[in-house]
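# Sequence plus predicted model, see below.
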Amino acid sequence: MKSTIKERPYINPYLGGILLGIVLFLSYYLTQNGLGASAAISRLQIFILDLIAPSHVDRVAYFAEKAGGNLNPLDSGAMFMFLGTFLGGTISGFLNGRFKVETRKGPQITDRQRWLFAFIGGAIMGYGARLARGCTSGQALSGGAVLATGSWIFMFCIFIGGYALAWFVRRLWI
Amino acid sequence: MFAPIAVLNDWSNGINYIFAFIIGIGFGWVLESSGFGNSKKLAWQFYFRDLTVFKVMFTAIVTAMTGLIFIDAFGWIDMSSILINETYLWSGAAGGLIMGIGFAIGGYCPGTSFTGFATLKVDSYFYIFGALLGMFVYGEVAPFIEPFYGGKYSGYMGTVTLQKFFGVSAGVVGFVIMIIALAGFFGAEWIEKKNGNIVKS
């Protein structure tokens, strides 16, 4: 599938930041909650596990609190925000001609290598997001705006981790 | 007092879900428009080529923070009803370092991977599968690392904001963050001028 609309450049980052800030502000103003992303992935993971091994979900406390017994792990605002984020991304991508099958990577690796490393990076981040109780959206961005001390420390640690490792994995990107 | 509206009007789950969905649309729209569906653009921040992530993120934080500080000062919002992330110093810092490492390897963070997913970026599909696996592994090992996650080695401090931590007003913290952000923006523009290679589309 490919949209016929001509590909347009991304918007100015400061404009994007102001718009994102307004969305975040409205989220707190309306719902008392910030934005989030990783909670939805976590609930999806528990939902899948609950389909395959429901008794295991009931035994492991970390999964049981979301899906033990009759609890539906998808019954959460996080899932609706995930669906909204997906729809918003689709609309923006479609209207701007960026809705197309492709793999982004550095010039020195193949698509398959990029996929493998995307998987590995995703696994590392999934683990880290649970340990940190949130991701770049729910912890760094949202917690940052309400000046939560732990969120600011978390944010600095993400940047430290990323910049520290970047040199070793430069072949993936440059 | 006008906000948070969900609390003052005692919204049902259903209404909360509808608003989460609508806010999500705005969230995804802005992320994609800013270029965050593109893993290369995200990863190039780590090579000082494209600092869009920093600019968008800090502009967003300053915007939302300033709005909240002002309406709080006017007495329009009950900040005690706002869900502020609790601080777990050590598990949060360790999780952050792990996520930073994953970011440099995987090229996405969870939220941006959704917009990659929405615009058919194949690498984001692998990233999300990876994240599902990583979270599964976390749940399995959670009982063994509980003291570090939420127990006595987690550095739990409760709900502690920067203004509470430093014993100053929110306005002072906000002002300092604004100054730091402005300095950061000038620095980012300077770096991009020297070394920049912006991923435009």
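Looks like it arrived, so ask away.
# so where do the helices sit in chain A?
Secondary structure of chain A (DSSP state H): helices at A:13-31, A:38-52, A:54-59, A:61-67, A:77-95, A:111-131, A:142-145, A:149-166.
# Look up how far residue A:43 lies from the spatially most central residue of chain A.
Nearest residue to the geometric centre of chain A (Cα atoms, centre = their mean): residue A:37, 4.5 Å. With distances taken as Cβ to Cβ, to the nearest Å, residue A:37 is found 11 Å from residue A:43. Using the backbone N, CA and C atoms, a C-beta is placed for each residue, glycine as well.
# and if you look at residue A:89?
With Cβ to Cβ as the criterion, residue A:89 and residue A:43 are 19 Å apart.
# Of those two, give the one with the bigger neighbour count.
residue A:89 (31 against 21; other Cβ atoms under 10 Å in any protein chain shown).
# Let me know whether the more buried one touches residue B:32 as I believe.
Yes - counting by Cβ atoms under 8 Å, residue A:89 touches residue B:32, with 4.3 Å between them.
# Before we move on, what's the pLDDT of residue 43?
Picking chain A for this. On the pLDDT scale, residue A:43 is placed at 96.
# Sorry, I should have been clearer: chain B.
Note on residue B:43: pLDDT of 97.
# Quick one: residues contacting residue A:147.
By Cβ atoms under 8 Å, 6 or more residues apart in numbering or on different chains, the residues touching residue A:147 are B:65, B:84, B:161, B:162, B:163, B:170, B:173, B:174, B:177.
# Longest helix in chain B, by number of residues?
Chain B, longest helix under DSSP H: helix B:170-195.
# So which elements touch it?
Counting by 3 or more Cβ pairs under 8 Å, 6 or more residues apart in numbering or on different chains; DSSP states H and E, the packing neighbours recorded for helix B:170-195 are helix B:52-73, helix B:162-166.
# Mutual contacts of residue A:89 and residue B:32, please.
Going by Cβ under 8 Å, 6+ apart, residues that sit against residue A:89 and also against residue B:32 are B:115, B:118, B:119.
# Looking at those, state which has the most neighbours.
Counting neighbours by other Cβ under 10 Å, residue B:115 leads these with 32 neighbours.
# ok, the residue positioned nearest the centre of chain B to residue B:10 distance?
In chain B, the C-alpha nearest the mean C-alpha coordinate belongs to residue B:57, at 7.6 Å (Cα atoms, centre = their mean). According to Cβ to Cβ, residue B:57 and residue B:10 sit 33 Å apart.
# Over to residue A:81?
20 Å.
# Which one's more surrounded, those two?
Per other Cβ under 10 Å, whichever of residue A:81 and residue B:10 has more neighbours is residue A:81, with 32 against 7.
# was I right about that one contacting residue A:38?
No - the pair residue A:81 / residue A:38 is not scored as a contact, 11.2 Å apart, by Cβ under 8 Å.
# picking that back up, excluding chain neighbours, what is closest to the residue nearest to the centre of chain B?
Excluding its sequence neighbours, the residue lying closest to residue B:57 (Cβ to Cβ, 6 or more residues apart in numbering or on different chains) is residue A:141, at 6.2 Å.
# neighbours of that neighbour, just the number please.
Residue A:141 has 29 nearby residues by other Cβ under 10 Å.
# in chain A, which ranges drop under the pLDDT threshold?
A:1-4 (pLDDT under 70).
# ok, 50 please
Scanning chain A for pLDDT under 50 picks out nothing.
# residues of the helix or strand hosting residue B:40 that come out buried?
Per DSSP states H and E: residue B:40 is located in helix B:39-43. Across helix B:39-43, burial judged by 16 or more other Cβ atoms under 10 Å in any protein chain shown covers B:39, B:40, B:41, B:42, B:43.
# Lovely, talk soon.
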